[in-house]
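1. the following comprises the amino acid sequence and a computationally predicted model.
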Amino acid sequence: MADEPGAGAGAPGGLWGGRFSEPPARALERINRSLPFDWHLWPYELRVDRAWVNELERIGTHDAETAATLRAGLDAVEARLAEGANDLASEPDEDIHSLIERWLEVEIGPVASNLRLGRSRNDVVATDTRLWAADAVGRIDGAMAGLQEAMIGTAERLIDVIIPAYSHLQQAQPTRAAHWLLSHFWPLARSRERMAQAAERMRKMPLGSAAGMGTTLPVDRDRLAAALGFAAPTENSLDGVGARDWTAELLYAWTQTAIDLTRLAEDLVIYTSKEFSLLRISDAFSTGSSLMPQKRNPDGAELARAGGGVLLGTLTGFLATLKGLPTGYNKDLQEDKVALLSAERRLTDTLAVLSGTVATLEPGDGVGGATGGGDPAALATDVADWLVEQAGVSFKEAHAAAGRLVRRAEELGRPVSELTYAERAAVDEGLADLPADVWYAGPALERRAVTGGPARAAVEEQIRRARAQV
């Protein structure tokens, strides 16, 4: 069964097959055929086709009548593609190039093959993919900006909500929910910069490289590059068709973004649990249980958390594919579209669900009160600072005294903020006169008024800077 002949590109009507006595076996056709995923490139293929026709007319290779016929045929093919785009994967062709030429021949006859003159699928698909990627960068950048806007809006709403901050997943010191949320804003800002830099480096046009050794036609590649929106043509034709470092770099930028988002997603999963109850995800971004009626599951955040691993696997697999490839084009490289298309779809979906989740976040039942819902012992550092300032002791001594105070509270089974004057004095005389508000989270936050800190004015300034970034 596996070695039966197929009916793909090597058969009559395909882009090749003249030197072969039989069509490819079905087993080869199944693995070789890229139409099921590269059909997404058809709008970019048509842009390249039109630019190529215009250039061939300019250099006199095609007369005005032939060029006009090709353009009219491409218009007809475009209308047909737009009408049935979702069904393209079921067509019998090897790839989108084969499909377009077959349909073009139906429209205008054998002259359709003149579109192929002087170029190869190698340089065309490399050009198509870079054009698609430029648009994908725009879509993802817009989705990142959308999540950033949601973060800013929610930070403004929750600016006076105080929650514990964590290190080692243990309560550290109090902070504002807005300050926590904005800590996830700035990695996104860096991701947008990283992606823009990668996109700038991919703005080189492979078209005109043909199969890798250049074309015999006197086309002006600079003019072609300008017509298609590239900064310049690729400098070397072999590199033009064989380079996919730009793909790996873009995949890395997307993967780093997805990895950063897993940290936000993990926080959302933890902070919205009953044990923490710091935040609440809206019903629209929660799911239920088929068995337990009371459950509210953060499935969107959990799938966002999984997305980092999915993209990391895609990036790692693609880098392994590139390793050790010979110079020039090799069919291994058609996997770039599988990697790019799947990664873009997963990252776009992740950004969308996190945008909605963040935009609708509300404070949970576990926040409130003088300590913001956290352990007052989280302000032991403030006690040590107060001792240094008021008693003139070294920080080492103050740190030890504050630690002993916390230990004593644990031994008595009471919050450290509830120890009496005598109990504090028994630990250290300097602790006897601690001001009552040293255990209050609000004043503690206002003491942290440094740039980038959680004091209200500092967070408001950070929000202003974030808006300017977006």
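-> Yep, it's here.
2. I'd assumed Met202 was in contact with Ala134.
-> Yes - between Ala134 and Met202 there is a contact at 7.4 Å, judged by CB atoms under 8 Å. Using the backbone N, CA and C atoms, a C-beta is placed for each residue, glycine as well.
3. neighbour count winner among these two?
-> Met202 (20 against 16; other CB atoms under 10 Å).
4. which residue, other than its chain neighbours, is closest to that one?
-> In this structure, Met202 finds its nearest non-sequential neighbour in Trp246, 3.8 Å apart by CB to CB, 6 or more residues apart in numbering.
5. quick one, strands of this structure?
-> Ranges of strands within the chain are 162-167, 170-176, 204-205, 232-233, 279-280, 362-363, based on DSSP state E.
6. of the ones you listed, which approaches Tyr329 most closely?
-> Tyr329 sits nearest to strand 204-205 of all the strands of the chain, at 15.6 Å, using CB to CB.
7. confidence score at Gly13?
-> As predicted, Gly13 sits at a pLDDT of 45.
8. low-confidence ranges in the stretch 1-150 of the chain?
-> For the stretch 1-150 of the chain, the stretches with pLDDT under 70 are 1-18.
9. what's the neighbour count on the residue nearest to His62 when sequence neighbours are not counted?
-> Using CB to CB, 6+ apart and skipping residues adjacent in sequence, the residue nearest His62 is Leu56, 4.4 Å away. Neighbour count for Leu56, taken as other CB under 10 Å: 22.
10. could you do Tyr421 as well?
-> Neighbours of Tyr421 under the rule other CB under 10 Å: 11.
11. cool, and Gln197?
-> Neighbours of Gln197 (other CB under 10 Å): 11.
12. same check, this time on Arg139
-> Per other CB under 10 Å, the neighbour tally for Arg139 reads 13.
13. tell me who's in contact with the residue nearest to it when sequence neighbours are not counted.
-> Distances taken as CB to CB, 6+ apart place Thr348 nearest to Arg139, at 6.3 Å, with adjacent residues excluded. Counting by CB atoms under 8 Å, 6 or more residues apart in numbering, Thr348 touches 139-140, 143.
14. closest one of these to Val219?
-> Arg139 (30.9 Å).
15. that older thread, TSV for the strands of the chain, including distance to Gly153 and mean pLDDT?
-> TSV is the format used below for the strands of the chain (distance: least, CB to CB, whole Å; pLDDT from 0 to 100):
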stretch	distance to Gly153	mean pLDDT
strand 162-167	18	96
strand 170-176	15	95
strand 204-205	39	98
strand 232-233	41	98
strand 279-280	15	96
strand 362-363	13	96
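16. and Arg404, which of the ones you listed is closest to it?
-> Here strand 170-176 is closest among the strands of the chain (CB to CB), at 19.0 Å.
17. could you check the angle strand 162-167 makes with the closest one?
-> Orientation of strand 170-176 against strand 162-167 (axes from the mean of the first three to the mean of the last three CA atoms, to 10 degrees) gives an angle of 140 degrees.
18. give the pairing partners of strand 170-176; include direction for each.
-> Strand pairing for strand 170-176, using DSSP bridges, gives strand 162-167 (antiparallel).
19. chain center to the strand it pairs with: distance?
-> The chain centre lies 27 Å from the centre of strand 162-167; the measure is CA atoms, centre = their mean, to the nearest Å.
20. stretch 109-125 now?
-> Centroid separation between stretch 109-125 and its chain, computed with CA atoms, centre = their mean, is 35 Å.
21. need the residues that contact that stretch.
-> Contacting residues not belonging to stretch 109-125 are listed as 15, 38, 41, 45, 48-49, 52-53, 56, 61-62, 66, 69-70, 73, 95, 97, 101, 104-105, 206-212, 215-217, 219, 237, 240-241, 329, 334 [CB under 8 Å, 6+ apart].
22. any chance of the contacts of Thr348 in JSON lines, plus distance to Phe285?
-> Shown next, in JSON lines, are the contacts of Thr348 (distance: CB to CB, whole Å):
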{"residue": "Arg139", "distance to Phe285": "21"}
{"residue": "Ile140", "distance to Phe285": "21"}
{"residue": "Ala143", "distance to Phe285": "16"}
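23. can you pull the contacts of the residue lying closest to Ala339 once chain neighbours are set aside?
-> Spatial nearest neighbour of Ala339, chain neighbours left out: Phe318 (4.5 Å); criterion: CB to CB, 6+ apart. Counting by CB under 8 Å, 6+ apart, Phe318 touches 244, 247-248, 251, 335-336, 339.
24. Glu362: which of these is nearest?
-> The nearest one, if we look at the contacts of Phe318 relative to Glu362 and count by CB to CB, is Leu251, at 35.6 Å.
25. from Glu335, how far out is that closest one?
-> Leu251 is 11 Å from Glu335, where distance means CB to CB, to the nearest Å.
26. more crowded one of those two?
-> For Leu251 and Glu335, the more surrounded residue by other CB under 10 Å is Leu251, and the numbers stand at 25 against 17.
27. quick one: contacts for the closest residue to that one other than its chain neighbours?
-> Nearest non-adjacent residue to Leu251, counting by CB to CB, 6+ apart: Leu315, 4.6 Å away. By CB under 8 Å, 6+ apart, Leu315 lies in contact with 248, 251-252, 255, 339, 343.
28. now do Leu315 against Ala343, distance only.
-> Remark: distance between Leu315 and Ala343 (CB to CB) = 8 Å.
29. need the overlap of contacts for these two.
-> Shared contacts of Leu315 and Ala343, defined by CB under 8 Å, 6+ apart, are found at 251, 255.
30. you'd agree Val416 is up against Arg407?
-> No - in this structure Val416 lies outside contact range of Arg407 using CB under 8 Å: 9.4 Å.
31. which one's more surrounded, those two?
-> Taking neighbours as other CB under 10 Å, Val416 and Arg407 compare with Val416 leading, 24 against 13.
32. where along the stretch 151-300 of the chain do the helices fall?
-> Along the stretch 151-300 of the chain, the segments classed as helices by DSSP state H, counting those that start in this stretch run 177-182, 185-201, 221-228, 237-242, 245-271, 299-322.
33. out of the contacts of Phe318, which comes closest to Leu431?
-> For these, the nearest to Leu431 is Leu251 (55.7 Å; CB to CB).
34. let me have the strands of the chain in TSV, extended by distance to Gly118 and mean neighbour count.
-> What follows is these, written out as TSV (distance: least, CB to CB, whole Å; neighbours: other CB atoms under 10 Å):
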stretch	distance to Gly118	mean neighbour count
strand 162-167	62	20
strand 170-176	63	19
strand 204-205	15	23
strand 232-233	14	18
strand 279-280	60	22
strand 362-363	62	16
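35. how about JSON lines for the ones you listed, with distance to Pro298 added?
-> What follows is the strands of the chain, written out as JSON lines (distance: least, CB to CB, whole Å):
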{"stretch": "strand 162-167", "distance to Pro298": "17"}
{"stretch": "strand 170-176", "distance to Pro298": "21"}
{"stretch": "strand 204-205", "distance to Pro298": "43"}
{"stretch": "strand 232-233", "distance to Pro298": "47"}
{"stretch": "strand 279-280", "distance to Pro298": "10"}
{"stretch": "strand 362-363", "distance to Pro298": "14"}
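36. can you count the residues close to Asp332?
-> Number of residues near Asp332 (other CB under 10 Å) recorded here: 13.
37. what's the distance between the residue of the chain most remote from its centre and Arg447?
-> Distance from the C-alpha centroid of the chain, by CA atoms, centre = their mean, peaks at Ala422 (56.7 Å). For Ala422, the distance to Arg447 (CB to CB) stands at 27 Å.
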